[in-house]
Structure formats: structure tokens, C-alpha cells
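Enquirer: Return atomic coordinates for the entry below.
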Amino acid sequence: MTASHPAPADLPAAGIGTPGFDRILVVSPGLRAEALLNVTGTLPFFDSHFPRRPILPGVLLTESLIALAVMAAGDPLLRLRAADGLRFRRFITPGDQVHLTVESVSTGTDPDESVWRATATVDGRTAAAIKNLRLARRPIAAVHGDSAAAIGGPAAAMPVANGFAAEVTP
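Expert: Residues are numbered from 1 along each chain as shown. Sure thing, here's the model as predicted:
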């Protein structure tokens, strides 16, 4: 299906720390999707990221690309497994309109994993790209064979560099 319409109400709008889109341009289930993200200067994180030169945090852009790939895959249970070849090439600032594109690279031999190529462009110039965005349906513990908390499972304390523990929830 190819479509050009506003994002449905059940999809999160781009906002404070929430991945989302302002308009979905194309959805070809299992193959590709395109969406637009309008970056407004009213987002509160611009006050501190960075005060003199506001820049869209890369993690929010990456989360929007992941959300678009999950939508294109048609499986809301997919979660990020890995992002290989992630490159940020230019800053995204208030007033920019970001064109997000995800394309299926291959589903491979594992039916529980989906691999996508993702790009974010502004005015035809690449702002960010992910060579292999790997999404997995099964728990992380099953993928890595360790005792890490499974995505979609109970919260688990994970150590971080500063000595504090962060709680990880789905």
C-alpha cells in the first residue's frame, strides 16, 4: 500500500522524548516506509541541548527511525537488537523538515529478526544513516544467551558507568 496522509491518531506525534512523525508518506508493508518529521523550536529540550545552538538529540532521531521500521515491518512486538553503521552527518535544528526512510535489507533466515536500512535527510542532504537496523521479536536473553532481562519481560537493574543502576522496562 502506498499512502500519503497524516499520521494516525494512535501513533505518537513527535514531541518531548517521544519518537513519532508528522506525516506518513509511504508504507509498503515489509518493504519500505517514508515519513516526515517537522522539528519545531518549541520543544523544551532545546533549552539545554544546546542553549546557544539547539540541536535535535540523535537518540530521538534514531528512535523515530526505529518506530518507522517497526511500522513498516507490521509487527509492533519488534524491538531494537542492534544498529550497525550508525552515522550522524549534519545537525538537525529547529525549522528543519526531516525526511525519514526505512527499507528492508533482508529478513534473513531468522523469522524473528528483521533488518532495515534507515536514512534521515534534510533538504536532500543526509543527516543520519543506519546501515543495518536489526529488530528482533524474541527476548534479548535468547539472542545473547545470557541472563539479561528480556525485552517485553520484567524490569531489570542494569549497571551504568557512573555506578548508578538504571531500570530497564519495555
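
Enquirer: Who's the closest spatial neighbour of residue 91, skipping the chain neighbours?
Expert: Nearest residue to residue 91, sequence neighbours excluded (C-beta to C-beta, 6 or more residues apart in numbering): residue 55, at 4.9 Å. For the C-beta atoms, the positions are set from N, CA and C on the backbone; glycine is no exception.

Enquirer: On the pLDDT front, check the one you found for me.
Expert: Note on residue 55: pLDDT of 94.

Enquirer: So it versus residue 28, what's the distance?
Expert: 32 Å (C-beta to C-beta, to the nearest Å).

Enquirer: rewinding a little: quick one: the residue nearest to residue 91 from residue 48, how far?
Expert: Taken as C-beta to C-beta, the span from residue 55 to residue 48 is 11 Å.

Enquirer: Compare those two and say which is more crowded by neighbours.
Expert: The neighbour comparison of residue 55 against residue 48 (other C-beta atoms under 10 Å) goes to residue 55, with 15 against 8.

Enquirer: Doesn't the more buried one lie inside a helix?
Expert: No - counting by DSSP: H, G, I helix; E, B strand; the rest coil, residue 55 is not found in a helix; it is coil.
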